Structures are given as structure tokens and as C-alpha cells.
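Q: what's the 3D shape of this:
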Amino acid sequence: MSKQFSSLGVSAPILKALNELNIVEPTEIQQKTIPLLLNEIHDVVGLAKTGTGKTAAFGLPLLQLINTELPVVQAVILVPTRELGQQIFRNLEDFGKHIPNISIAATCGGIPIKPQIERLSQPTHIVVATPGRLIDLIQRKAVDLKQTEYLVLDEADEMVSILKESLDEIVAELPKKHRTLLFSATLPGTIKQLIQNYLNKNVVQVSANMETVGNQGIDHEYIVVDPIEKLDVLMHFLNSKDGERGIIFCKTKAAVNKLAKNLAINRFSSGALHGSLSQGIRDRIMEQFREGHINILVATDLAARGIDVKEISYVVNYHLPDTYENYVHRSGRTARAGAKGLSLTVLQEEETVEIPEFEKELGIKFTKFQKPSAVSLEENNMLLWAKQIFKTKPNHDLSADLKTNVKTVFHHLTKDELIEKLMANYVLQNKVEVAEKPVKKFKK
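A: I've put the predicted structure just below:
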């Protein structure tokens, strides 16, 4: 394994860390980028889909190029979200753990700035930051970038609007001679404009794994539903994936909250992630997901940036993404590190016309996911109801006399007879609800 990274010019301390991390083989973007960054002086644009190892592609050479004897910031890595910043920070710490005296700091928004200012008062070689927080630190004169040689724009297509407003101010702090390394999963016109404005005219562009979204390990499927059955169909799918980890993407924060509430009611092990949550809550949910304490994450597009969990077996697009780029980023959460994965998009009939456009633009092929029958959906709802009962905690506030009286009603029944009666009662109640709904709708 190490011989392969060794042939790219990676140094012995980093090779040792890669061995310990069981990183067995350089990906295509790493093979193309690492020698270029180590041996050339050009600006670089790296194009590769999510999950193809971009962090190591720029992180390994940066760690190697740092002069640890100089106690100054030599590299700045800009990212769109704190979650991605924390992920990159952790990766760099892991890659560089055998490099003596290397110092890396994460300075992202969403948390108090004072501890970050105190951290930057110590010698620091690499800063991972969100643009807004970095500008705040610059304005407070808490960070000195006058000797910074490398500027990395990671996931640039996800922070175009932020960069438009802030890049001038950041670049003004850097030495005139510095290298800019831009990494992106897609290359829309806005990114091309950034490249033209901020990168050297002799910029070198490398691309990898661009022929499909992410990699060949993702199955792209869609399912057509009526609006009234959308939630039931999702619940049926999630029950079929019991014990597996996945992410459900919604367009809005309100939709995330509503869906997460429904999942909680139905006792799914889940958590919600969106920009309006406090950073502490977002960190806690991410940690629970990363550690496997919750299996399902319901998230908006931007909030899910930086989720690098290898065992995500499926992604559900509960709402069709607004852009092709967002589909790339969503589906790229699964099938990481060579694993297989499913990207399932839930559509209404009128939205199916979008599928050929996604296929043409992204060079992928969708297959139709078979919708469960009405009987299967009803049976699944009964299973969910049974799980709710099973997971309901006993109410110890109820009086002992009441409990005794209720037990007396049931004491002649066997366990099987009681379950049969409960199921029959569920069916009866469910039929009543179905019969009432049209009446209520008509009255409105």
C-alpha cells in the first residue's frame, strides 16, 4: 500500500499515518493531484465528485510542504460549513500525527470566537475556516496571513455566493505570490468566473471520476407517489432498511422538522440537521450519527456538507433537488470508500419529466423503484403501530386499582389472543379513520 503513495512522493511520516489508518490505495484524484502540488508551482483546479478523496488530495501535500520551524500560518483552507471544516481538521490531524510540531486549527462560525482567538495566539501552520469567520478574525487582527503560501477553496461550488462577497478581503491579506487550489464536484459558470478572477492564468486543471456521479457503486432509482401516500411509502422503505444508516434530504428547514417529528412518532432512530439549529445541537446529532447511536439523518443540503460516514447505505431525496450539483452532493454521501449505495428520489407524477434531464446532465441512468401495494403499506403501518406500543414506556402514575381493573378485563386471554384482538381493533379504527377523512375534507 505505502509503496503506491510513496511513488507519488508522500513522505515517510505521512505514509506511516496512512498505514495506521488502513488507507490502502490512492484514488484517481489523489494520484493526479499529489505529485502536482508537491513538484509544481502552478495554481490547481481539482474536479472530482463527493467521496473520491479530495481532502487527502490536497491535505497530504500541504502537510508535507509546511515548514514546521516557521511559527506562521502557511496554508488556509476555506470550506462552506463548520461540519466540513471539522471533518477536514480531523483528517489532517490523523494524516499529520507523525509530523513533529505540526499545528492545525479549525476556526469556523457557529461557535464562540474567543477560544479561536486564543488558539490562534499560539503558533499555527494550517487554518481550516469558513469565510465569514476568517474575515471576522482578520478584522480583529487575530490571524496574520502575510506569510500564507497556500489558499485552498474546498467544495467551492457550495460557497460561490459567500466567496463572491468575501474572497477579495481574504486575498488582500495574502502575499502576492501564493498558490490557490480550488476543488469542486462540479464546474458551473460561477466557478469558472472565480477561476478567471482569482487563479493564475497558467492554472492546471485535473479531473477524476467525472463520468458518473460519485462512482459506479451508486444505484440511482426513483419512485412515483401520490402526495397523500408519500410519507407512508417512505416509512415502508425505511422499515425495509431497518438497522442500516441513511440520510433523507428535504428542501427546507420546515420540511426537515416536520419529517423528523413523524419519524420520531413512529420510533425511528433519527435526528434532524439544518442551519437554524444551534451549533451545539448540530454537533451532538452528527456525533450520534457518526457513532451509530442514530441511524437516520434528516437534513437540508447545506447542513449535510461534511458528513463523511462510510457506512451510509442509502440516500433518499424526499424532495427533488433544485440543481444537478445538489444531486451530486446528496448522492455522494453514500457508496463511499468503494462501498455500494442507493440514491432513491421520491417524485410526484408531474416531476418524472425531470429524470431524463438529470440523466443527460450527469451521465447516469435511473431505474424505477417498485412502489409497494396498498395492502403492503397498510401492513407496514400496522407494524409501525406495534413498534410504537412496544417502545412506549410504562406510565407509573396510573393508579394500582385502575391497573388491576384493566388486567381483570384481559386476564382470561392468552398472549396470542390479546395480540389478535389488538390487531383487529387497529384495523377497525383504521377503517373508521379512512371513512371519516373524505367527510372532513368535504366540509372544508
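
Q: Please enumerate the helices of the stretch 151-300 of the chain.
A: For the stretch 151-300 of the chain, helices defined by DSSP state H, counting those that start in this stretch occupy the ranges 160-171, 189-198, 230-240, 253-265, 279-290.

Q: Show me which positions of the third one end up buried.
A: Neighbour-count burial for helix 230-240, with 16 or more other C-beta atoms under 10 Å as criterion, is recorded at 230, 231, 232, 233, 234, 235, 236, 237, 238. Bear in mind the C-beta positions are built from the backbone N, C-alpha and C, glycine included.

Q: Return the member of those nearest to residue 372.
A: Using C-beta to C-beta, residue 236 is the member of the buried residues of helix 230-240 that lies nearest residue 372, at 4.9 Å.

Q: Can you give me the pLDDT of that closest one?
A: Listed pLDDT for residue 236 reads 93.

Q: heads up, I number from 7, so please use that
A: Will do, 7 is the new start, and the previous item becomes residue 242.

Q: ok, it - contacts?
A: 378, 382, 383, 386 (C-beta atoms under 8 Å, 6 or more residues apart in numbering).

Q: before we move on, what about residue 112?
A: Counted by C-beta under 8 Å, 6+ apart, residue 112 has contacts 91, 92, 94, 95, 133, 134, 135.

Q: Name the member of those residues with the most neighbours.
A: Taking other C-beta atoms under 10 Å as the neighbour criterion, residue 134 ranks highest of the contacts of residue 112 with 28 neighbours.

Q: Next secondary structure after the helix or strand hosting it?
A: Under the criterion of DSSP states H and E, residue 134 resides in strand 132-135. Next in sequence after strand 132-135, counting helices and strands by DSSP H and E, comes helix 137-145.

Q: before we move on, back to that, quick one: which two of the contacts of residue 112 are the most distant?
A: Most distant of the contacts of residue 112, by C-beta to C-beta, are 92 and 133, 13.4 Å apart.

Q: re the thing from before, dump the helices of the stretch 157-306 of the chain into a markdown table; add distance to residue 306 as well.
A: Output for the helices of the stretch 157-306 of the chain, formatted as a markdown table (distance: least, C-beta to C-beta, whole Å):
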| stretch | distance to residue 306 |
| --- | --- |
| helix 166-177 | 16 |
| helix 195-204 | 20 |
| helix 236-246 | 17 |
| helix 259-271 | 6 |
| helix 285-296 | 11 |
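
Q: do you know which of the ones you listed lies nearest residue 327?
A: Judging those by C-beta to C-beta, what sits closest to residue 327 is helix 259-271, at 12.9 Å.

Q: Only alpha carbons, please: show the closest one as CSV.
A: Only the C-alpha atoms of helix 259-271 are listed here, as CSV (Å, rounded to 0.1, in the frame of the first residue of the first chain):
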residue,chain,number,x,y,z
LYS,A,259,-35.8,23.5,7.3
ALA,A,260,-39.6,23.3,8.0
ALA,A,261,-39.8,20.1,5.9
VAL,A,262,-36.9,18.7,7.8
ASN,A,263,-38.5,19.4,11.2
LYS,A,264,-41.9,18.0,10.1
LEU,A,265,-40.4,14.8,8.7
ALA,A,266,-38.1,14.3,11.7
LYS,A,267,-41.1,14.7,14.0
ASN,A,268,-43.0,12.0,12.0
LEU,A,269,-40.0,9.6,12.2
ALA,A,270,-39.8,10.2,16.0
ILE,A,271,-43.5,9.4,16.4
